[in-house]
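Asks: Make a model of this:
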Amino acid sequence: MIRIDTEKAIVEVETASGVQTFPMDSPEAFAAVSDAWLRCGWDNKYVYSFTWMGRPIIQMPEDLLRIQEVIYTVKPDVIVETGVAHGGSAIFYASLFRAIGKGRVIGIDIEIRPHNRKAIEEHELFDAITLIEGSSIDASIVERVKRELGPDEKVLVILDSKHTKDHVLAELEAYAPMASVGSYVVVQDGCMEWAAGAPRSEDDWSWNNPVQAIKEFTAGNSSFEVSEPPFAFNEGNVTRRITYWPEGYLRRIR
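Replies: Now for the predicted structure:
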């Protein structure tokens with residue numbers, strides 16, 4: 001439980017070990033208030049209110065800014081994204097590539113609904129996007145994605161389709177090897193772990209979530225490490241991402 005006193009500029013955090021009081025201008029106060037804001041945002045479907053260049057993009061704004069920093073730093077030639085939905089994220093990545101001057105997106109989804117496909121295909125950035133319809137863990141789909149990649153292309157992988165532990169783990173096994181050394185696999189929506197019990201959640205989310213898949217994958221794969229990308233710019237006190245993708249950045253180190 002937290003208590004916010006704006007007149008005294010303090011935040012009180014109550015835990016099993018007692019009550020801690022933090023001044024508003026501390027990272028601890030910011031973290032406590034942010035955690036409550038994330039939960040309130042989940043309950044109110046806050047992320048279901050944004051578009052990017054005309055297409056719905058169901059993402060936290062900070063997550064988009066932070067992944068933009070990573071993409072601009074890594075400058076991949078290709079982003080492989082599982083989970084297309086409305087296409088907003090694919091358009092977002094394509095727009096970054098257009099600004100950078102190179103790059104393309106390969107989007108995979110088990111079902112690309114006709115109205116979404118039509119809107120994506122009619123978008124001015126569609127020439128930077130390849131859509132592949134089918135299960136992201138189907139062997140034939142994985143092989144098709146591999147064939148789309150050039151031997152010397154730098155690849156960044158983003159996993160945002162079905163978020164159960166087994167599915168994400170299968171995606172990690174299939175797509176992580178496509179990521180280039182020094183690049184990332186970004187696993188989205190690990191927020192399911194703390195959202196268990198919230199509206200629109202399932203009873204098993206506390207363990208059946210992307211974070212658990214990440215832990216199992218990295219425990220058996222020395223080529224990747226969970227690595228928080230450093231902020232590209234920071235003159236403030238805050239060093240922790242406010243995110244729906246906790247522990248979601250896996251950097252390929254070899």
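Asks: measure Leu107 to Leu125 for me?
Replies: Leu isn't right for residue 107; it's Gly. Taking C-beta to C-beta, to the nearest Å as the measure, Gly107 falls 12 Å from Leu125. For glycine as for every other residue, the C-beta is placed from the backbone atoms N, C-alpha and C.
Asks: Those two: who's more crowded?
Replies: A side-by-side neighbour count of Gly107 and Leu125, using other C-beta atoms under 10 Å, places Gly107 first with 26 against 19.
Asks: What pLDDT is listed against the more buried one?
Replies: Looking at Gly107, its pLDDT stands at 98.
Asks: What of Asp5?
Replies: The model reports Asp5 with a pLDDT of 97.
Asks: Just name whatever secondary elements the helix or strand hosting Ala94 is in contact with.
Replies: Under the assignment given by DSSP states H and E, the secondary-structure element containing Ala94 is helix 88-100. Under the contact criterion of 3 or more C-beta pairs under 8 Å, 6 or more residues apart in numbering; DSSP states H and E, helix 88-100 touches strand 51-52, strand 55-56, helix 61-74, strand 78-82, strand 104-109, strand 129-133.
Asks: What pairs with the first one, parallel or antiparallel?
Replies: On the basis of DSSP bridges, the sheet neighbours of strand 51-52 come out as strand 55-56 (antiparallel).
Asks: ok, back up a step: and the helices and strands packed on helix 88-100: which comes nearest Thr21?
Replies: The closest approach between Thr21 and any of those, judged by C-beta to C-beta, belongs to helix 61-74 at 26.3 Å.
Asks: For Trp207, which non-adjacent residue is spatially closest?
Replies: Distance criterion C-beta to C-beta, 6 or more residues apart in numbering; nearest residue to Trp207, sequence neighbours excluded, is Lys165 at 7.1 Å.
Asks: ok, residues contacting the longest helix along the chain?
Replies: Under DSSP state H, the helix in the chain containing the largest number of residues is helix 27-43. Defining contact as C-beta atoms under 8 Å, 6 or more residues apart in numbering, one finds that helix 27-43 is touched by 2, 4, 10-11, 13, 20, 22-23, 46-47, 60, 191, 194-195, 198-199, 237-240, 242, 244.
Asks: Among those, the buried ones, what's the ChimeraX command?
Replies: Isolation of the buried members of the contacts of helix 27-43 (16 or more other C-beta atoms under 10 Å) is achieved in ChimeraX through the command below:
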select :11,13,22,47,60,191,194,195,242,244
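Asks: Filter the contacts of helix 27-43 down to the ones in strands?
Replies: Mapping these onto strands (DSSP state E) picks out 2, 4, 10-11, 13, 20, 22-23.
Asks: Could I get the contacting residues of Gln68?
Replies: Taking C-beta under 8 Å, 6+ apart as the criterion, Gln68 is in contact with Leu96.
Asks: returning to what we had before: let me have the helices and strands packed on helix 88-100 in CSV, extended by distance to Val211.
Replies: Shown next, in CSV, are the helices and strands packed on helix 88-100 (distance: least, C-beta to C-beta, whole Å):
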stretch, distance to Val211
strand 51-52, 26
strand 55-56, 25
helix 61-74, 15
strand 78-82, 17
strand 104-109, 22
strand 129-133, 27
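Asks: Nice, that's everything, thank you.
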